[in-house]
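Chemist: Generate coordinates for the sequence data below:
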Amino acid sequence: MALHAAPQPGDAAPPRHVAIIMDGNGRWAQNRGWPRLVGHRRGAERVKQIVRACPDLGVNWLTVYAFSTENWKRSTEEVLGLMKIFRRYIQREADGLAAEGVRMRFIGGRERLDPKLQALMSGIEARTAGNTRLNLTVAINYGGRDEILRASAKLARKIASGAIETPSEADFADCLDTAGIPDPDLVIRTSGETRTSNFLPWQAAYAEYEFTPTLWPDFSPDHLAEILDRFGLRDRRFGGA
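Modeler: Numbering: from 1, shown residues only. Model (predicted):
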């Protein structure tokens, strides 16, 4: 199946690309009487476990929603704390990710992020660029509508320059942050919420969705395996009979 192409009726393979809206960190901590940042730190530990489990579960591509364009509305303390967690995650996990064959990429607008964080992001992307065991994409300062606006402007520039005459869906997809990344087969949201929250609206057009009440810090590889098993039972016709 070509990148960004619609799946075909009869596709029965397990999901090669799983995208996760990691929701519920703050509530997990508050339920225990702890500061919200404790939940975010525990959530980062959970990411490590899920990343390690994915290859054995047959998942080749994993995209996680870490920080949305709307999350800037949170308190300054929480935003700064989250950015610190992101920096520490990259610094602490760089060696392990490289050794385990994980390629790490980021999507979302970077211009608003701290320059030091941007440098760490670019560094680990370059360091892991040749890895193929698992492709991990982290969405930071990401919003689907923002991405589509930026992609539209990029496509318009290509048309104006004469590089493209009659744009196709593939041309537009190549202007997205996810260019070169296959569309997700399955999108999971934890915490019981049933919104897509501006996450991969173009890319997930053909994805299956699973909403689980489990809060992200409690979402284990066993939970993921159960969802993948259920995915295998779905009849995905994509408009076919």
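
Chemist: where do the strands sit along the chain?
Modeler: Here the chain has its strands, by DSSP state E, at 17-21, 61-68, 102-107, 134-142, 186-189, 208-211.

Chemist: looking at these, which is closest to I124?
Modeler: strand 102-107 (5.2 Å; Cβ to Cβ). (Each C-beta comes from the backbone N, C-alpha and C, glycine too.)

Chemist: starting at the chain centroid, how far to the closest one?
Modeler: Offset of strand 102-107 from its chain centre (Cα atoms, centre = their mean, to the nearest Å): 9 Å.

Chemist: Please list the outside residues in contact with that strand.
Modeler: With contacts defined as Cβ atoms under 8 Å, 6 or more residues apart in numbering, strand 102-107 is touched by 51, 63, 97, 121, 124-125, 128-140, 142, 147, 177-178, 181.

Chemist: Repeat that for stretch 121-131.
Modeler: Stretch 121-131 is contacted from outside by 90, 94, 97-98, 101-106, 110, 113, 140, using Cβ under 8 Å, 6+ apart.

Chemist: Swap in 6 Å and give it another go.
Modeler: With contact meaning Cβ atoms under 6 Å, 6 or more residues apart in numbering, stretch 121-131 is reached by I90, A94, L97, A98, G101, V102, R103, M104, R105, F106.

Chemist: cool, and stretch 171-179?
Modeler: Applying Cβ under 6 Å, 6+ apart, the set of residues contacting stretch 171-179 from outside is H4, I107, E147, A151, K154, L155, I164, Q203.

Chemist: Which two of those residues have the greatest separation?
Modeler: Taking Cβ to Cβ as the measure, the contacts of stretch 171-179 span a maximum distance of 22.2 Å, between I107 and I164.

Chemist: Pretty sure P217 sits against W28.
Modeler: Yes: counting by Cβ atoms under 6 Å, P217 does reach W28; the two are 4.5 Å apart.

Chemist: Now the helix ranked longest in the chain: buried residues?
Modeler: What stands out as the longest helix in the chain, according to DSSP state H, is helix 76-99. Within helix 76-99, the residues scored as buried using 16 or more other Cβ atoms under 10 Å are G81, L82, M83, I85, F86, R87, Y89, I90, E93, A94, L97, A98.

Chemist: Equivalent analysis for stretch 124-132, please.
Modeler: By 16+ other Cβ under 10 Å, the buried positions in stretch 124-132 come out as I124, T128, N131.
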